[in-house]
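1. Give me a model of this one.
(one chain, ligands or ions: 1)
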Amino acid sequence: MTHVLHRKLGKTPPTVVHAEGLWLRDSEGRTYLDAVSGGAAVSAIGHGDPRVQAAIDAQLARVDFAHNSFFTNEPAEALADHLAERAPGGLSRVLYCSGGSEAMEAALKLARQIWIERGRPEKRTIIAREQSYHGGTLGALSIGGNKPRSMPFRPMLFDTRFIEPCYAYRYRHDGESEADYGARAAAALERMIQKEEADTVAAFVCEPVVGATLGCAPAAAGYLKRIREICDHHDILLIFDEVMCGAGRTGYTFACEEDAATPDILAMAKGLGGGYQPIGALLVHDRLVDTIVSGSGALLQGFTYMAHPVACAAALRVQQIMVEDGLLERVRDKGELLRRRLEATFGQHPHVGDIRGRGLFLGMELVEDRSTKAPFDPRLGIAARLKAVAMDEGLMVYPSGGTVDGTNGDHVLLAPAYTVSDEEIDEIVVRLSRSLNRTLAEAV
Ligand code: PLP
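-> Sure, this is the predicted structure:
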């Protein structure tokens, strides 16, 4: 019996004892090819990089911990400088925390504080999107559009307004250009603001590339720029959740760079520390900080471990390695190769409806019928079965499925480390193909 509460009670997962590059080994000696960066798009530079280990050791030998209300520390300052130098215009201030959910909680509280400081406390409604995921804490669940994850807690959550996601495979009309679709999808925000009255809306929040709930769905061309214009027009803060899609995953340090749209607040986590330490961060626009500086002068935020010296030292080294080793270019390169391999293997597969994504953040939508896009019966639990079969085949993939009352199908997400080799890409596709065919043979 294990004393650890694992997600599936009564079923203890294998014990991982070694991790190096894209390979993990369990206590039984079985090896696993990690096609999803530690299981959740985290281990961006691969496992076991001795340079990060050395940075952690060096930091531990100097300062293990000192609370941020007493001291700042060198790695926290250096990491903030590193991020601010690369961030889109004006996003130059950094608030640290320990992960993605905390980052989103901090973003919501910051948006609220801004409108209080500006003398407009009635601006408190958040608009978010259906089929989104922003974390498992109560504030983050309140703005999450993944109903299976939030429903049980609904009585404890605050009211959020939801618009449809930018999800071309399901919502783009036949013959509609991508730009036209992007504009039409963004118009849903305009309509919601009119309905709610802009004076009461504090912020709009979205993932530039949806990860956990849609198996990777990038914003259509022009969508985020139009969203930015709508928010500016109505004096509404714009929050981008780049917890999963940021930190180089799409081939850009910030996913929104590719869309030429800059939010007021940008949340990061996962690839920021690359799994070597738990860390998250908010990048905050100067003008928001100016509001507080000329108002109360104090942030209404605080977590014990914010700006943790060891977490910041690890994340700083991870981010430096991305630059030193040219990993962003590599993401674009290897992302293209992985996409080509997926298209060659699954492009005509009768149960693969769509292959999509950016950089090394790619997803496939699994459907019952490719021509009608009809999803599988959610009771079959295709995505979850695929995860289990893939583990049996020695491959780690990220499933999402049975989304929103099961009407939008099952997805599988691939997000390997940026260091993935050509041979590993081939092996990922071979093992995925075997796993998918086995899953379908067993389930359908
Ligand atoms: N936001 C997004 C887009 C995510 O994908 C996740 C986690 O998957 C979170 C927030 C929550 O992050 P964490 O699990 O680190 O709290």
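
2. Work out for me the element the residue nearest to Y133 when sequence neighbours are not counted sits within.
-> Of all residues not flanking Y133 in the chain, A212 sits nearest, at 4.2 Å (CB to CB, 6 or more residues apart in numbering). In short, each C-beta sits where N, CA and C put it, glycine included. Assigned by DSSP states H and E, A212 belongs to neither a helix nor a strand.

3. Straight-line length of stretch 18-27, end to end?
-> End-to-end distance of stretch 18-27 (CA to CA, to the nearest Å): 9 Å.

4. buried set for that stretch?
-> Within stretch 18-27, the residues scored as buried using 16 or more other CB atoms under 10 Å are 19, 21-25.

5. possible to save the residues you listed as CSV with secondary structure?
-> Formatted as CSV, the buried residues of stretch 18-27 follow (DSSP: H, G, I helix; E, B strand; the rest coil):
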residue, secondary structure
A19, strand
G21, strand
L22, coil
W23, strand
L24, strand
R25, strand
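
6. mind checking the SS state of E343?
-> helix.

7. Count the residues that sit near P350.
-> Neighbour count for P350, taken as other CB atoms under 10 Å: 11.

8. Please report how far it lies from T372.
-> Distance, P350 to T372, using CB to CB, to the nearest Å: 12 Å.

9. what's around Q320, how many residues?
-> Considering only other CB under 10 Å, Q320 is surrounded by 16 other residues.

10. For the stretch 301-444 of the chain, which residue gets nearest to the ligand?
-> With CB to the nearest ligand atom as the measure, Y398 is the residue of the stretch 301-444 of the chain nearest to the ligand, at 9.2 Å.

11. Which residues does that residue form beta bridges with?
-> Taking DSSP bridges as the rule, Y398 bridges to L413.

12. you'd agree it is up against S37?
-> No: assessed by CB atoms under 8 Å, Y398 is found out of contact with S37, at 9.1 Å.

13. The ligand contacts on the stretch 251-400 of the chain?
-> A269 (CB under 6 Å from any ligand atom).

14. avg pLDDT for the host helix or strand of G357?
-> For G357, the host element (DSSP H and E) is strand 352-358. Averaging pLDDT along strand 352-358 gives 97.

15. likewise stretch 310-324?
-> 98.

16. Show residues contacting that stretch.
-> Residues from elsewhere that reach stretch 310-324 (CB atoms under 8 Å, 6 or more residues apart in numbering): 44-45, 49, 51-52, 54-56, 58-60, 64-65, 73, 75-76, 78-79, 82-83, 96, 98, 247-248, 253, 271-274, 276-279, 305, 327-328, 418.

17. In that stretch, which residues are buried?
-> 310-322.

18. on that earlier part again, can you give the strand pairings for the strand holding G357, parallel or anti for each?
-> According to DSSP bridges, strand 352-358 has these partners: strand 361-366 (antiparallel).

19. After the partner strand, which helix or strand is next?
-> Following strand 361-366 in sequence, per DSSP H and E, is helix 382-392.

20. list the helices and strands that following helix packs on?
-> Under the contact criterion of 3 or more CB pairs under 8 Å, 6 or more residues apart in numbering; DSSP states H and E, helix 382-392 touches strand 361-366, strand 398-400, strand 410-414, helix 422-443.

21. quick one, which of these is packed in tightest?
-> strand 410-414 (a mean of 28; mean count of other CB atoms under 10 Å).

22. That one and the ligand, are they touching?
-> No: Strand 410-414 does not reach the ligand (CB under 6 Å from any ligand atom); its nearest approach is 10.0 Å.

23. angle of that strand against strand 352-358?
-> Here strand 410-414 runs at an angle of 40 degrees relative to strand 352-358 (axes from the mean of the first three to the mean of the last three CA atoms, to 10 degrees).

24. now strand 410-414 against helix 382-392, angle please.
-> Using the same axes, to 10 degrees: strand 410-414 against helix 382-392 is 40 degrees.

25. for strand 410-414, what is the average pLDDT?
-> For strand 410-414, the mean confidence score works out to 96.

26. same check, this time on stretch 68-76
-> Mean predicted lDDT for stretch 68-76 stands at 97.

27. likewise stretch 20-37?
-> Rounded to a whole number, the mean pLDDT of stretch 20-37 is 98.

28. I'd like to check what contacts that stretch. Which residues are they?
-> 14-19, 43-44, 46-48, 270-271, 275, 391, 394-398, 413-417, 419-420, 424, 427-428, 431-432.

29. if we go to 6 Å?
-> 14-18, 43, 46-48, 394-398, 414-417, 420, 424, 427-428 (CB atoms under 6 Å, 6 or more residues apart in numbering).

30. re earlier: from the middle of its chain, how far away would the strand holding G357 be?
-> How far strand 352-358 lies from its chain's middle: 17 Å, per CA atoms, centre = their mean, to the nearest Å.

31. Counting neighbours, which bits of it end up buried?
-> 352-358.

32. Outside of that strand itself, list whatever touches it.
-> By CB under 6 Å, 6+ apart, strand 352-358 touches 169, 209, 216, 218, 250, 342-343, 346, 363-365, 367, 370, 373.

33. Could you do stretch 278-289 as well?
-> 87, 90-100, 102-103, 106-107, 114, 264-269, 272-273, 311, 315.

34. Return the subset of these lying in strands.
-> 93-97, 265-268 (DSSP state E).

35. If any of the residues you listed are buried, put those into a PyMOL selection.
-> With 16+ other CB under 10 Å as the burial test, the buried ones among these are selected in PyMOL as follows:
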select buried, resi 93+94+95+96+97+265+266+267+268
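
36. K123: which of the ones in strands among the contacts of stretch 278-289 is nearest?
-> Nearest to K123 among the ones in strands among the contacts of stretch 278-289: I265, at 14.7 Å, using CB to CB.

37. partner residues bridging the closest one?
-> Going by DSSP bridges, I265 is paired in beta bridges with I239, V284.

38. Could you number the chain from 54 rather than 1 from now on?
-> Right, with 54 as the first residue, what we last looked at is I318.

39. can you pull the contacts of it?
-> Counting by CB under 6 Å, 6+ apart, I318 has contacts 160, 292, 335, 337.

40. doesn't I292 make contact with the first one?
-> Yes: using CB atoms under 6 Å, A160 makes contact with I292 at a distance of 5.0 Å.

41. Those two - which one has more neighbours?
-> More crowded of A160 and I292, by other CB under 10 Å: A160, with 30 against 26.

42. Could you measure from the more buried one over to L148?
-> Distance from A160 to L148, by CB to CB: 9 Å.

43. now T178
-> In terms of CB to CB, T178 sits 23 Å off from L148.

44. Tell me how far the residue lying closest to L448 once chain neighbours are set aside lies from V450.
-> Using CB to CB, 6+ apart and skipping the chain neighbours, the partner closest in space to L448 is R484 (4.0 Å). Between R484 and V450 the computed distance is 9 Å (CB to CB).
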